[in-house]
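Q: Predicted model and sequence below, questions to follow.
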Amino acid sequence: MEGEINSTQVERMKISTYGSFLAESLADWSKQVVSLVEQKKFYGSVIQRELALISNLFTVDNFPNITRRDGKLLNFTKLLAWFEPMLTNEYCTVFNITCNMTGCGINDKCKLEEWCVNVGEEILDGKDLDLSPVQKEFICTLRNASIVLKNGNLYTGSMSKVELPHGWGAEFAGTDNASVIYEGNWVHGKKDGLGSLYTPKSKTPYYSGSMLNDAMWGQGVLYYASGNKMFTGLMANGFIQKGKLFKDTPQSQAISSVDETNIPVVRLNFQDTEISPFLPPAATSETRD
């Protein structure tokens, strides 16, 4: 249910509570909340997906046009310069707790689909992580993994926190990595962005270009089984929309232009060829004619 605490991601949530739980650190506080949620003893309301110190709320956006007693606007930079040392040096000392001012779940700017990793906690390999540095203390990253997709095919590449393909990755025919059928960008489990499509066990793609919602969509290039260029131009929902067709030769000799005005003629001229499956199907009115 939207707004409920997800105990597997509580370190990325800001939670409203009726009172407070004493803890040695923010991590321990988070563990207490997870435990209470799982025991159904605590029902918090998720406000925002991060766990942060209260001083993070002291911004002009949250408190616009706040004036002091003398009528001057409140200077939040000076306020934080006074408040945060007091919070960390006095409050945290009195209660004997650790108040970290930076780190994952505190002041990271990671997107919901990214993982926050504290530097030093894990061994990071640049080959396996799509890194985007945030601060020296932590980084935001998409983690690489291998999973079996709903269609039964193997996926290897970047993953979101909800374990969907997100970022750069490859899909293989079947459950092993012997035959790639797509390599490129993914967004929340869908082929989206630049990528290349392959027929099973082929070493060369039959399409390279833009993808959208798992379909060839946008600027791209189609190829014959020989590897020679078949078409360059715009694709829409998996079919040729506008561009140029080429003869199956290494010289890329243009043989026809394609647009919405001549699709029926092109379909007739190239029926039963490698080009035919990529041409949009005939409309109902066109079939009657």
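A: Here it is on my side, so go on.

Q: and residue 111, that's in a helix?
A: No - under DSSP: H, G, I helix; E, B strand; the rest coil, residue 111 sits outside any helix and is assigned coil.

Q: these two touch, right, it and residue 160?
A: No - here residue 111 lies out of contact with residue 160, judged by Cβ atoms under 8 Å, at a distance of 9.1 Å. For every residue, glycine as well, the C-beta is placed using N, CA and C.

Q: who has more neighbours, the two?
A: residue 160 (20 against 15; other Cβ atoms under 10 Å).

Q: Quickly list the domain ranges of this structure.
A: Structural domains annotated on the chain: 10-94, 115-238, as defined by automatic domain parsing.

Q: where does the stretch 1-150 of the chain have low pLDDT?
A: Scanning the stretch 1-150 of the chain for pLDDT under 70 picks out 1-27, 29-30, 33, 37, 41-53, 88-107, 112-113, 117-139, 141.

Q: residue boundaries of the strands in the stretch 101-250 of the chain?
A: All strands of the stretch 101-250 of the chain, identified by DSSP state E, counting those that start in this stretch, fall at 115-118, 129-133, 138-148, 154-159, 165-172, 180-187, 190-197, 207-212, 215-223, 229-236, 239-246.

Q: worst average pLDDT in these?
A: If the strands of the stretch 101-250 of the chain are sorted by mean pLDDT, strand 129-133 sits at the bottom with a mean of 38.

Q: could you say which helix or strand contains residue 31?
A: helix 26-38 (DSSP states H and E).

Q: Same list (the strands of the stretch 101-250 of the chain) but as JSON lines, adding mean neighbour count.
A: Below are the strands of the stretch 101-250 of the chain laid out as JSON lines (neighbours: other Cβ atoms under 10 Å):
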{"stretch": "strand 115-118", "mean neighbour count": "19"}
{"stretch": "strand 129-133", "mean neighbour count": "14"}
{"stretch": "strand 138-148", "mean neighbour count": "18"}
{"stretch": "strand 154-159", "mean neighbour count": "21"}
{"stretch": "strand 165-172", "mean neighbour count": "22"}
{"stretch": "strand 180-187", "mean neighbour count": "20"}
{"stretch": "strand 190-197", "mean neighbour count": "19"}
{"stretch": "strand 207-212", "mean neighbour count": "20"}
{"stretch": "strand 215-223", "mean neighbour count": "19"}
{"stretch": "strand 229-236", "mean neighbour count": "20"}
{"stretch": "strand 239-246", "mean neighbour count": "19"}
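
Q: Rebuild those strands as TSV, extending it with distance to residue 36.
A: Listed next are the strands of the stretch 101-250 of the chain as TSV, based on distance: least, Cβ to Cβ, whole Å:
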stretch	distance to residue 36
strand 115-118	23
strand 129-133	33
strand 138-148	26
strand 154-159	29
strand 165-172	31
strand 180-187	35
strand 190-197	36
strand 207-212	43
strand 215-223	45
strand 229-236	52
strand 239-246	54
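
Q: nearest to residue 256, of the ones you listed?
A: Residue 256 lies closest to strand 239-246 among these, at 4.5 Å (Cβ to Cβ).
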